[in-house]
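# how does the following fold in three dimensions:
(2 chains)
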Amino acid sequence: MSQVADHAHTEHPPHLHHHFHSSAQQAASAKLGMWVFIAQEILFFSGLFMAYIALRYLYPKTFLAAHEHLDVSMGALNTVFLITSSLTMALAVRAAQTSNKKWAEINLLLTIGFALAFCVVKYFEYSHKFHLGIFPGKYYAYTHIPGNPEVFFGLYFVMTGMHALHVVVGIGLLLWIYLKTRTGAFSAAYYSPVENVGLYWHLVDLIWIFLFPLLYLVK
Amino acid sequence: MTTATDAIRPGGGPSATGHAEEKDYLNVDNSIMSWLFTLDHKRIGLMYLASVLFFFFFGGVLALLIRTELFTPGADFLTYFVSGKNAAELKLAAADLYNQLFTLHGAIMIFLFLIPSIPATFGNFFLPLMLGAKDVAFPRLNLFSFYIYVLGALFFLYTLASGGLDTGWTFYTPYSTSTNTAVIASTFGAFILGFSSILTGVNFVVTVHKMRAPRMTWTRIPLFLWALYSTSLIQILATPVLAITLLLLIFERALGIGIFDPAMGGDPVLYQHFFWFYSHPAVYIMILPAFGVISETISVHSRKHIFGYGFIAASSVSIALIGFLVWGHHMFVSGQSPLASLLFSMITFAVAVPTAIKVFSWVATLYKGSIVFNAPMLNALSFIFLFTIGGLTGLFLATLATDVHLHDTYFVVAHFHYVMVGGTLVAFLAAIHHWWAKMFGRHYNELCGRISAIFVFIGFNLTFFSQFVMGSQGMPRRYFTYDQVSPELLSIYTRMHQISTVGSMILGLALTFTLFYLTHSLFFGKKVHNDSDLRWTGESMEWKAATPPSPHNFHEQPIAYNGPYDFKEIDHSLGGGH
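Numbering: from 1, shown residues only, chains lettered A, B, ... in the order given. Next comes the predicted model:
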């Protein structure tokens, strides 16, 4: 490796990988990579949305009857949590861009807090369903809904479950960014990871914004 | 090139003190760890090459077992591999084994060989070199996607060990939710492999956008990279749909969520829509990189500027885009509405336009070129011939009325093997010969290369043209025996199956021979000491790197002063005006 290090780099900050010419090129690559990754995330969820469209078109009455058993206030609370967490996330990115370390840390912690709160609410929702006997698929055992509600709840569990999985991954990423922020890794010169985790987190928020009305607000 | 570089840098620098002591990417560090944890795109490309070749030969042996069984109409060869109390039990067990063989052959060839074949090996190796970059944009992600590939491949091997898989590579519901073979393990394997494919795609798109050498405009990018770029777009946008489809299938099997189960109100045809939304574009993941390889080899080995650069580049992108809108042509007999079938049929015909543009451009490139019939060129010509047959028979299948007759017959089998084997595999062979000396610094035996190209061509045509004939006579695909038909059909089927089996043996021998002389050349091939030893060079940037390339590709940043196909000798012969 060393024998080819004859490139006279005038500036070589520690965060700059050897195969990039400049920090600007590296940052632009990281950002484009994240946007392209987000495109594939959207396509991933689009499969679930298509399944939802097909089944709701087939069984509008079942969807109407079954969705009454979801708790709108809990869903609305979670929506508020996620939207607010998007705000704190955006503030954290801005703070990193302006080298405001303290403010970035506070906002990242707030974002993690809202994300955890989302998971707690989701936990209560799921356990209430399980308590009633509303399990996914063939384990479904709640007989008070007419039609074939197991299809609706199968979709409900898969869609919210996949989304919750993304929230959990997001918490891991946010924690990593928070710890790195504390070590002073980010500044106005280098904040790509903060920005990219932010993009990911907004996507998680955005998907929930579609899930909430589709599942909780059928009426 | 070397002398020119030295002239620019008269004093000092590694190149002026002599190339002999300088390390290339292969011998810079010989430890096992330096390979397993390498971030060098070239080494990752070679690790992919070894892996995909391993699985290719594995899948190839399965194919030969299938062909051997079909040599005779009744059940015989495979009954030696199973146990049973009487003839009827033996036949049933052998039939099950047959189902597993063709399923694994298909699944392994598609997910473990064809999808990663050209992009993950030659793409990884040459994309940064052709762009004049030091590496792909995200080297760690690149290594990560290799290990995801290995992990997914292990799941497939586990499937094999734990009772096999007999659904066909398409995993169609409802059979895939009811069979007691290892569906979950194999679909999870395919799910994991999908991530490898997506991450490679992300890496390539960003690299092409952000890492190009100075002055390398979008019209100076080699056509191989246009093909890889289009492929990457499909990998990124189609693969996640397969991921969710396979996850839903796993949930369906494990929890019975009912989305594809009509008993619970779901729809099994929805599975087919989801599956083909990925798997049709996936066909272009397999063939587009092959188009790119052919553009490079045809141009370099006829020493002629590629004809219709812009049209070839645009046709790659448009095939990628139109490819998303044609999945329904796999479902003409699935009960989808006639209107949908009509539209899918029409859009499928539209794919023929950009594809034909490519074929005509390659032929026009050959016109008045100084063609050299070496191994890469013979393979490239073989590709044009075979792919054209594969592509044109696709039109038979895109036609609604004929498809009803040909659906699920050997005609379909022959069609996609002409595209996948005659197309992708032959282009893979063209690529490996075209770039072999550049990659390894050793020459393969040219005579062996030509002999192999000719025998692959003969063996391939014997194997699969006979399948067109028997398919058009109604021989269904995936059948274990064909002895229960009328005497005249039996004689046609038997003769065609026997030709096909003999052809597959020739093809298998030719490919084994190829593996043998290429491996031999790695150790005993004539060494390339400097670029004048190369039998050919091109004008794209990978030829400007050392042979084999140094760990960081270039000693100094190359600059794209001209296009990738501006061969100097052509300018001389034509006097610059034509």
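# residues near residue B:116, how many?
As a burial measure, the neighbour count of residue B:116 was computed by other C-beta atoms under 10 Å in any protein chain shown and equals 27. C-betas here are computed from N, CA, C, even on glycine.
# tell me where chain A has strands.
Taking DSSP state E, chain A contains no strands at all.
# what's the following helix or strand after the helix or strand hosting residue B:376?
Using DSSP states H and E, residue B:376 maps to helix B:375-398. Reading on from helix B:375-398 to the C-terminus, the next helix or strand found by DSSP H and E is helix B:400-406.
# just the CA coordinates of that following helix, formatted as PDB?
Presented in PDB, the C-alpha positions along helix B:400-406 are these (Å, rounded to 0.1, in the frame of the first residue of the first chain):
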ATOM      1  CA  LEU B 400     -50.600 -14.700 -27.400                       C
ATOM      2  CA  ALA B 401     -51.900 -17.400 -29.700                       C
ATOM      3  CA  THR B 402     -48.600 -19.300 -30.200                       C
ATOM      4  CA  ASP B 403     -47.800 -19.000 -26.500                       C
ATOM      5  CA  VAL B 404     -50.800 -21.000 -25.500                       C
ATOM      6  CA  HIS B 405     -49.400 -23.800 -27.600                       C
ATOM      7  CA  LEU B 406     -45.800 -23.500 -26.600                       C
END
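# in that helix, what counts as buried?
For helix B:400-406, a neighbour-count test (16 or more other C-beta atoms under 10 Å in any protein chain shown) marks B:400, B:403, B:406 as buried.
# ok, the second one touching residue B:393?
Right, residue B:403. No: applying C-beta atoms under 8 Å as the test, residue B:403 and residue B:393 come out as separate, 11.4 Å apart.
# isn't residue B:461 up against residue B:504?
No: the pair formed by residue B:461 and residue B:504 falls short of the contact definition of C-beta under 8 Å, at 11.3 Å.
# averaged pLDDT, whichever strand or helix holds residue B:437. What do you get?
Assigned by DSSP H and E, residue B:437 falls within helix B:426-440. Taken as a whole, helix B:426-440 carries a mean pLDDT of 97.
# tell me what that helix is packed against?
The elements that helix B:426-440 packs onto, with contact taken as 3 or more C-beta pairs under 8 Å, 6 or more residues apart in numbering or on different chains; DSSP states H and E, are helix B:115-118, helix B:124-131, helix B:268-301, helix B:375-398, helix B:446-472, helix B:487-524.
# so which of those is nearest residue B:324?
Across the helices and strands packed on helix B:426-440, the minimum distance to residue B:324, taken as C-beta to C-beta, is reached by helix B:268-301, at 5.6 Å.
# okay, the closest residue to residue B:376 other than its chain neighbours and chain A: tell me how far apart.
Take residue B:376 and drop its neighbours on the chain: the residue closest to it by C-beta to C-beta, 6 or more residues apart in numbering or on different chains is residue B:434, 3.9 Å away. Here the criterion is C-beta to the nearest C-beta, to the nearest Å. By it, residue B:434 lies 25 Å from chain A.
# for residue B:241, what are its contacts?
Applying C-beta atoms under 8 Å, 6 or more residues apart in numbering or on different chains, one finds that residue B:241 lies in contact with A:43, A:44, A:46, A:47, B:274, B:277, B:278.
# now the buried members of those.
Restricting these to buried positions leaves A:43, A:44, A:47, B:274, B:277, B:278, with burial counted as 16+ other C-beta under 10 Å.
# in chain A, which helix is the longest?
helix A:23-58 (DSSP state H).
# okay, buried residues for it please.
Neighbour-count burial for helix A:23-58, counted by 16+ other C-beta under 10 Å, picks out A:23, A:25-34, A:36-41, A:43-45, A:47-52, A:54-56.
# so which elements touch that helix?
Helices and strands in packing contact with helix A:23-58 are listed as helix A:149-182, helix A:192-216, helix B:183-210, helix B:223-255, helix B:268-301; criterion 3+ C-beta pairs under 8 Å, 6+ apart.
# give me that answer again for 6 Å
Helix A:23-58 is packed against helix A:149-182, helix A:192-216, helix B:183-210, helix B:223-255, with contacts defined by 3 or more C-beta pairs under 6 Å, 6 or more residues apart in numbering or on different chains; DSSP states H and E.
# do you know which of these lies nearest residue B:319?
Within the helices and strands packed on helix A:23-58, the stretch nearest residue B:319 is helix B:223-255; the backing value is 6.9 Å (C-beta to C-beta).
# what mean pLDDT would you report for the closest one?
Taken as a whole, helix B:223-255 carries a mean pLDDT of 96.
# quick check: angle from that helix to helix B:426-440?
Going by axes from the mean of the first three to the mean of the last three C-alpha atoms, to 10 degrees, helix B:223-255 is angled at 110 degrees with respect to helix B:426-440.
# chain center to helix B:223-255: distance?
For helix B:223-255, the gap between its own C-alpha mean and the chain's C-alpha mean amounts to 16 Å (C-alpha atoms, centre = their mean, to the nearest Å).
# likewise for stretch B:325-335?
In terms of C-alpha atoms, centre = their mean, the centre of stretch B:325-335 is found 23 Å from the chain centre.
# so that stretch, near chain A or not?
No: counting by C-beta under 6 Å from any C-beta of the partner chain, no contacts exist between stretch B:325-335 and chain A, the nearest distance being 12.4 Å.
# span of that stretch from start to end?
According to C-alpha to C-alpha, to the nearest Å, stretch B:325-335 extends 18 Å from its N-terminal end residue to its C-terminal end residue.
# write out the residues of the stretch 251-400 of chain B neighbouring chain A.
The stretch 251-400 of chain B has residues B:251, B:255, B:256, B:257, B:258, B:259, B:264, B:265, B:270, B:274 near chain A, with proximity defined as C-beta under 6 Å from any C-beta.
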